[in-house]
Structures are given as structure tokens and as C-alpha cells.
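Undergrad: let me see the structure of the following:
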Amino acid sequence: MILCLLVTMYSTGQNIIRNYGFEYFDVMLRSISWSPQNTKSQYIIAPTSIAHSGATSMLIASKPEAGTDRGVGLCNTVLTRNLLENKKKVSISAFIKTENLAGGVASIWMQLNGKGQIIADKNSDEKSAKGTSEWTKYTIELSLTNEVQSIAFGCKMSGAGKAWFDDFEVLFDDEPAK
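TA: Numbering: from 1, shown residues only. Purely as a prediction, here's the structure:
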């Protein structure tokens with residue numbers, strides 16, 4: 001019995017699910033490896049069946065009763081130092097679809113973190129779709145230094161309306177992250 005438990009722990013502990021397409025869920029139906037954040041509890045953040053590819057994407061939608069001071073709804077994940085060794089550049093891309101987006105943005109973002117500090121950050125806010133838009137790919141890129149300890153990235157929405165996010169891709173030096 002103990003041997004089976006140890007083998008199971010070892011084998012499952014080695015598999016890291018990146019879940020860039022929001023296809024995998026835990027037993028509570030939460031998207032694996034993604035953390036939703038709702039700064040003022042004014043957004044619905046949930047997996048949905050409207051997808052760019054596969055069966056699922058992540059929806060961020062303003063609540064119907066939300067006031068004008070909504071804050072931000074976002075979903076993020078983190079890449080750790082072991083993936084960054086000897087890398088010079090990171091590119092993050094994802095597909096975004098919007099419906100009736102007004103007074104805000106739907107975008108992707110990333111943040112390079114060092115020891116106790118933010119080294120750099122970038123988002124696709126300036127290119128964000130307005131109103132209603134079909135699936136569009138957005139890409140952001142930053143240079144890496146030896147000081148970078150982790151990369152946080154994800155999707156965010158502010159304002160009224162809905163935004164769907166799907167098919168994140170991470171490239172290090174123009175090669176897919178492993």
C-alpha cells in the first residue's frame with residue numbers, strides 16, 4: 001500500500017500541467033494552474049464552452065449589477081526560474097474575443113519578477129479590442145536578464161462587457177516553453 005502511494009505521488013508530482021488552453025480542471029472544476037483575481041468582486045471569472053480551439057476558454061464578464069468602479073478581473077499563472085535558465089527573451093500570446101466591451105480593456109499581460117521587486121512588465125492594453133470583436137491573437141514580448149526569478153502572466157478585463165481568452169502560448173527565444 002505504501003509503495004503504491006509513493007509511486008503515485010512520484011509519478012503525478014512530475015507532471016506539470018500548463019493548461020494554456022484552459023482545458024484541464026481540478027475536482028472543484030477550477031482551471032488547473034490558473035488563479036482568478038477579482039479586485040472589487042465585480043466580475044464573473046469562469047471557464048466557458050465558447051472557445052477559440054478545444055472545448056473551453058476563460059470568460060471574464062462584468063456583473064450586470066456592477067457599478068462604474070469595477071476594478072479589474074484577471075486570471076494569472078506563474079513560470080518559475082528553472083524554465084528561464086540561459087533564455088534571452090520571452091513572448092506571451094493569446095487569443096481574445098469580446099462582446100460589448102466598453103469603458104475598459106481586454107488584454108494579456110506579463111510581469112518579470114526578481115527578488116522582492118518587479119523588474120519589468122508589459123500588457124496589450126493599447127491594442128485591446130473595443131465593442132464586439134472576433135478571436136484575435138495578441139502578443140507581448142520582454143527581454144530576460146539573470147535577475148528574473150519568475151514570470152507572472154495572464155489575461156485581464158476592466159470595464160463593462162465580456163471577454164474570452166484562449167490558447168496562450170509561451171515562447172523562450174522563439175521556441176515553445178517546455
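
Undergrad: hang on, residue 35 packs against residue 76?
TA: Yes: Residue 35 lies in contact with residue 76 (CB atoms under 8 Å); the separation is 5.7 Å. Every residue, glycine included, has its C-beta placed from N, CA and C.

Undergrad: neighbour count for the two, which is higher?
TA: Neighbours were counted for residue 35 and for residue 76 using other CB atoms under 10 Å; residue 76 has more, 17 against 14.

Undergrad: please name the nearest non-neighbouring residue to the more buried one.
TA: Distances taken as CB to CB, 6 or more residues apart in numbering place residue 154 nearest to residue 76, at 3.3 Å, with adjacent residues excluded.

Undergrad: what does residue 69 give?
TA: residue 40 (6.8 Å).

Undergrad: and the one you found, what does it touch?
TA: For residue 40, the contact set (CB atoms under 8 Å, 6 or more residues apart in numbering) comprises 69, 70, 71.

Undergrad: mind jotting down where the helices sit in this protein?
TA: Per DSSP state H, the chain carries helices over the ranges 2-13.

Undergrad: what are the neighbouring residues in contact with the residue sitting nearest the centre point of the chain?
TA: In the chain, the residue lying closest to the centroid (CA atoms, centre = their mean) is residue 154, at 2.4 Å. Each residue near residue 154 by CB under 8 Å, 6+ apart is listed here: 34, 74, 75, 76, 77, 108, 109.

Undergrad: so which of these comes closest to residue 159?
TA: residue 74 (12.9 Å; CB to CB).

Undergrad: burial measure for that closest one, as a count.
TA: Residue 74 has 24 nearby residues by other CB under 10 Å.

Undergrad: what of residue 137?
TA: 12.

Undergrad: pretty sure it contacts residue 91?
TA: No: with contact defined as CB under 8 Å, residue 137 and residue 91 do not form a contacting pair (11.6 Å).
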